[in-house]
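K.L.:
Coordinates only, no sequence provided:
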Ligand code: PLP
């Protein structure tokens, strides 16, 4: 059976060219980049080149890039690092209700340790209001953190407008661009972004490596203390081959971005139009146009996202759901709830996230399969009014069937 991988927001397949660029940095150029000898300098050259390639992706300066282990670390370094270094100026942070857990849990941790956090609401399509953002900034606000594009619903925030307000108010602006970097054009200077997080595995690079853009002049404290690598901001011997892979992935993304974005936008729009037309009681989550070219997030009344994912898997599709019937707490996705959906609505969602391997044929196959799968599940659903087996049990009441962890990507 053919695999149709529709889960590129969770992670992407490492590109073969990226892998080829990495391999010499495992078996040939294996020196420690801090060493003065030739093998050490070779590693250092590889890292220097990667720093330039990453910086170019969003028009930054190479010495404004700090390599990390991925998006989660970059978010933690930006938010904890900045608030620790600047606590004398104030202890208030502004963020949103739809951030990834890497930002959300970091803010919650700070809130337990003497900081105050405002979580801005979003509208029914997932957009933050620019005027709410401005109003939330107080004299003691030191940092605002807003994601570029949401990992579940794909909605793209008005980052340029928010950045202009943060600048006007003298508040540092961190952007979690893990889903956007390598897919959307970003200009950190023009958008007034002070710190930006990215992760290589979301744009065809390897897992376990990322970067934080830190604008010149912004002061942060490190999370790790040690040998003083990355200008003292991230001690530990660098993951050279991963960093080289990140650099190559960034270079490839810069080159192909415009064409790939318009190709995916066409696929996405065709998929959305057809699904909504052919499947009754289907809805789109997120904004119709201000969304990642790769992302379509649907919800189907009367069925649960997890059953849908499992049925689609039997046809060869790898997709995901925002329903966190998959978390231990059995809570529906905080993102879908923030859109104003009821918990039972939030449980019926399906996230399709496309990538460069996906084709028109993949979309055709989904359009042929999905209506059948939804119809079959509805026939069995206890939530379907027409089902004689209908019960009034709450959604996701069977904890032991769904008790595994899910990090939320
Ligand atoms: N932020 C967002 C928006 C994400 O989608 C992810 C991905 O899971 C992360 C942060 C965390 O990135 P990583 O898996 O590289 O730690």
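P.N.:
Ah, there it is. These numbers were taken from a predicted model, which means no experiment stands behind them.
K.L.:
for the protein, where's the lowest mean pLDDT among helices and strands?
P.N.:
None of the helices or strands of the chain scores lower by mean pLDDT, DSSP states H and E than helix 343-346, at a mean of 89.
K.L.:
in it, what counts as buried?
P.N.:
Judged by neighbour count using 16 or more other Cβ atoms under 10 Å, the buried positions of helix 343-346 are 343, 345-346. The way it works is simple: take the backbone N, C-alpha and C, and place the C-beta from them, glycine included.
K.L.:
Let me have the residues you listed in CSV, extended by distance to residue 318.
P.N.:
Below are the buried residues of helix 343-346 laid out as CSV (distance: Cβ to Cβ, whole Å):
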residue, distance to residue 318
343, 26
345, 24
346, 21
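K.L.:
How far off centre is the helix or strand just after the least confident helix or strand of the chain?
P.N.:
Using DSSP states H and E, the helix or strand that follows helix 343-346 towards the C-terminus is strand 349-353. Here the centre of strand 349-353 is set off from its chain's centre by 14 Å, with Cα atoms, centre = their mean, to the nearest Å.
K.L.:
Which strand or helix spans the closest residue to residue 29 other than its chain neighbours?
P.N.:
Counting by Cβ to Cβ, 6 or more residues apart in numbering, residue 42 is the residue found nearest to residue 29 once chain neighbours are left out, at 4.0 Å. Using DSSP H and E, residue 42 sits in helix 38-57.
K.L.:
Tell me the first helix or strand C-terminal of that helix.
P.N.:
The first helix or strand that comes after helix 38-57 along the chain, using DSSP H and E, is strand 65-68.
K.L.:
who does that next one touch, helix- and strand-wise?
P.N.:
Taking 3 or more Cβ pairs under 8 Å, 6 or more residues apart in numbering; DSSP states H and E as contact, the helices and strands that strand 65-68 lies on are helix 38-57, helix 71-85, strand 210-214.
K.L.:
as a whole number, average confidence for that strand?
P.N.:
Averaging pLDDT along strand 65-68 gives 98.
K.L.:
Distance from it to the middle of the chain?
P.N.:
In terms of Cα atoms, centre = their mean, the centre of strand 65-68 is set 18 Å apart from its chain centre.
K.L.:
got it, and stretch 274-281?
P.N.:
27 Å.
K.L.:
in the chain, which spans are helices?
P.N.:
Here the chain has its helices, by DSSP state H, at 16-22, 24-27, 38-57, 71-85, 101-111, 130-136, 159-169, 240-278, 305-314, 334-338, 343-346, 360-380.
K.L.:
how about the nearest residue to whichever residue of the stretch 301-409 of the chain sits closest to the ligand, chain neighbours excluded?
P.N.:
Residue nearest to the ligand within the stretch 301-409 of the chain (Cβ to the nearest ligand atom): residue 409, separated by 3.6 Å. Once flanking residues are discounted, residue 409 sits nearest to residue 10: 4.4 Å by Cβ to Cβ, 6+ apart.
K.L.:
what's near enough to touch the residue most central in space within the chain?
P.N.:
Nearest residue to the geometric centre of the chain (Cα atoms, centre = their mean): residue 179, 3.6 Å. Going by Cβ atoms under 8 Å, 6 or more residues apart in numbering, residue 179 touches 9, 147-151, 154, 202, 292.
K.L.:
okay, it: pLDDT?
P.N.:
pLDDT at residue 179 comes out at 98.
K.L.:
ok, now residue 407?
P.N.:
Looking at residue 407, its pLDDT reads 50.
K.L.:
my guess is residue 231 contacts residue 67, does it?
P.N.:
No. Counting by Cβ atoms under 8 Å, residue 231 sits too far from residue 67 to count as a contact (10.9 Å).
K.L.:
which one of those two has more residues nearby?
P.N.:
residue 67 (27 against 10; other Cβ atoms under 10 Å).
K.L.:
what number of residues lie near the residue in the chain that the ligand sits nearest to?
P.N.:
When scored by Cβ to the nearest ligand atom, the chain has residue 71 as its residue closest to the ligand, at 2.5 Å. By other Cβ under 10 Å, 27 other residues sit near residue 71.
K.L.:
I'd guessed it sits against residue 102; true?
P.N.:
Yes. Using Cβ under 8 Å, residue 71 is in contact with residue 102, at 5.9 Å.
K.L.:
Tell me where the model's unsure across the chain.
P.N.:
In the predicted model of the chain, residues 322-330, 383-408 satisfy pLDDT under 70.
K.L.:
Might you enumerate the residues of it proximal to the ligand?
P.N.:
70-72, 75, 100, 102, 147, 151, 176, 178-179, 199, 210, 409 (Cβ under 6 Å from any ligand atom).
K.L.:
quick revisit: give me the helices and strands touching the least confident helix or strand of the chain, please.
P.N.:
Packing contacts for helix 343-346, counted by 3+ Cβ pairs under 8 Å, 6+ apart, involve helix 334-338.
K.L.:
now for the helix it packs on, which elements pack on it?
P.N.:
Applying 3+ Cβ pairs under 8 Å, 6+ apart, we find helix 334-338 packed against helix 343-346.
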